[in-house]
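Chemist: here you go, sequence then predicted model.
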Amino acid sequence: MPRTIPGIDSTQRFKRFFDSSSRAMLQDCLFRIVNYEDGTGTLEILCPNEVVRQRLSKKKRKITNNINTCWSHIRWFSLCVQQDSELDCQKFTRNGDLVTS
(Lines give C-alpha, C1' and ligand atoms only; values in the text may rest on other atoms or scores of the structure.)
Protein backbone atom coordinates (compact mmCIF):
# COMPACT_ATOMS: atom_id res chain seq x y z
CA MET A 1 0.00 0.00 0.00
CA PRO A 2 1.60 3.34 -1.00
CA ARG A 3 2.17 5.77 1.82
CA THR A 4 1.46 9.45 1.26
CA ILE A 5 4.66 11.40 1.69
CA PRO A 6 4.12 14.67 3.59
CA GLY A 7 4.98 17.69 1.50
CA ILE A 8 3.73 20.51 -0.61
CA ASP A 9 1.56 18.26 -2.78
CA SER A 10 -0.30 16.87 0.24
CA THR A 11 -0.78 20.36 1.69
CA GLN A 12 -2.20 21.67 -1.58
CA ARG A 13 -4.47 18.65 -1.81
CA PHE A 14 -5.60 19.23 1.80
CA LYS A 15 -6.60 22.83 1.00
CA ARG A 16 -8.57 21.83 -2.12
CA PHE A 17 -11.12 19.90 -0.04
CA PHE A 18 -12.39 23.12 1.59
CA ASP A 19 -14.91 25.64 0.31
CA SER A 20 -13.60 28.90 -1.14
CA SER A 21 -13.96 30.97 2.06
CA SER A 22 -12.06 28.38 4.12
CA ARG A 23 -9.40 28.07 1.40
CA ALA A 24 -8.95 31.85 1.55
CA MET A 25 -8.30 31.62 5.31
CA LEU A 26 -5.93 28.68 4.83
CA GLN A 27 -3.95 30.62 2.18
CA ASP A 28 -2.79 32.97 4.96
CA CYS A 29 -1.69 30.09 7.19
CA LEU A 30 1.62 28.26 7.36
CA PHE A 31 1.73 24.47 7.61
CA ARG A 32 4.23 22.20 9.29
CA ILE A 33 4.20 18.49 10.01
CA VAL A 34 5.92 17.38 13.20
CA ASN A 35 6.90 13.70 12.89
CA TYR A 36 7.49 11.54 15.97
CA GLU A 37 9.75 8.54 16.46
CA ASP A 38 6.76 6.17 16.62
CA GLY A 39 5.83 7.09 13.03
CA THR A 40 2.89 9.35 13.91
CA GLY A 41 2.71 13.09 13.41
CA THR A 42 0.94 16.36 14.11
CA LEU A 43 -0.16 18.83 11.45
CA GLU A 44 0.47 22.33 12.81
CA ILE A 45 -1.47 25.15 11.18
CA LEU A 46 -0.01 28.55 12.04
CA CYS A 47 -2.80 31.09 11.75
CA PRO A 48 -2.03 34.76 11.05
CA ASN A 49 -4.24 35.89 13.98
CA GLU A 50 -6.70 34.77 16.63
CA VAL A 51 -9.74 35.50 14.45
CA VAL A 52 -8.60 33.02 11.80
CA ARG A 53 -7.79 30.43 14.48
CA GLN A 54 -11.28 30.76 15.96
CA ARG A 55 -12.93 30.43 12.55
CA LEU A 56 -10.86 27.37 11.69
CA SER A 57 -11.59 25.79 15.09
CA LYS A 58 -15.27 25.76 14.07
CA LYS A 59 -14.25 23.55 11.13
CA LYS A 60 -12.54 20.84 13.19
CA ARG A 61 -14.58 18.00 11.66
CA LYS A 62 -13.76 19.13 8.12
CA ILE A 63 -10.08 19.50 9.04
CA THR A 64 -9.89 16.00 10.52
CA ASN A 65 -11.71 14.45 7.55
CA ASN A 66 -9.27 16.13 5.17
CA ILE A 67 -6.25 15.07 7.23
CA ASN A 68 -7.47 11.46 7.09
CA THR A 69 -7.73 11.76 3.30
CA CYS A 70 -4.28 13.29 2.79
CA TRP A 71 -2.03 11.75 5.45
CA SER A 72 -2.26 8.35 7.07
CA HIS A 73 0.28 8.98 9.84
CA ILE A 74 -1.12 12.27 11.19
CA ARG A 75 -2.82 11.62 14.54
CA TRP A 76 -3.30 15.20 15.76
CA PHE A 77 -3.57 18.71 14.43
CA SER A 78 -2.82 22.04 16.11
CA LEU A 79 -4.20 25.48 15.40
CA CYS A 80 -1.48 27.91 16.41
CA VAL A 81 -1.04 31.66 16.59
CA GLN A 82 2.10 33.68 17.38
CA GLN A 83 1.71 35.70 20.59
CA ASP A 84 4.55 37.75 22.05
CA SER A 85 7.22 35.70 20.23
CA GLU A 86 5.68 32.49 21.62
CA LEU A 87 3.66 29.92 19.71
CA ASP A 88 0.25 29.35 21.32
CA CYS A 89 -1.25 26.10 20.01
CA GLN A 90 -4.53 24.30 20.56
CA LYS A 91 -4.00 20.60 19.81
CA PHE A 92 -6.84 18.35 18.67
CA THR A 93 -7.26 14.62 18.11
CA ARG A 94 -8.45 13.13 14.84
CA ASN A 95 -11.92 13.19 16.41
CA GLY A 96 -11.68 16.97 16.82
CA ASP A 97 -11.39 16.78 20.61
CA LEU A 98 -9.14 19.31 22.35
CA VAL A 99 -6.06 17.67 23.89
CA THR A 100 -5.36 18.92 27.39
CA SER A 101 -2.11 18.25 29.19
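Modeler: Received it, and whenever you're ready, just let me know what you need. Numbering: from 1, shown residues only.

Chemist: the strands in the protein, which residues?
Modeler: 30-35, 41-47, 74-83, 86-93 (DSSP state E).

Chemist: closest one to R16 among the ones you listed?
Modeler: strand 30-35 (13.6 Å; CB to CB). No exception for glycine: its C-beta is placed from N, CA and C like everyone else's.

Chemist: mind listing what F31 touches?
Modeler: Contact analysis of F31 by CB atoms under 8 Å, 6 or more residues apart in numbering lists T11, F14, L43, E44, I45, L46.

Chemist: so the fifth one touches F77, yeah?
Modeler: What it means is I45. Yes: with contact defined as CB atoms under 8 Å, I45 reaches F77; the gap is 6.7 Å.

Chemist: between these two, who's got more neighbours?
Modeler: Using other CB atoms under 10 Å, the more surrounded residue of I45 and F77 is F77, with 28 against 22.

Chemist: which one is that one nearest to, not counting chain neighbours?
Modeler: Leaving aside its sequence neighbours, F77 sits nearest to L43 (CB to CB, 6 or more residues apart in numbering; 4.4 Å).

Chemist: for that neighbour, give its distance to S85.
Modeler: For L43, the distance to S85 equals 23 Å [CB to CB, to the nearest Å].

Chemist: so the two - more neighbours on which side?
Modeler: The neighbour count for L43 versus S85, taken as other CB under 10 Å, is higher for L43 (25 against 5).

Chemist: single out the most deeply packed of the strands of the chain.
Modeler: strand 41-47 (a mean of 21; mean count of other CB atoms under 10 Å).
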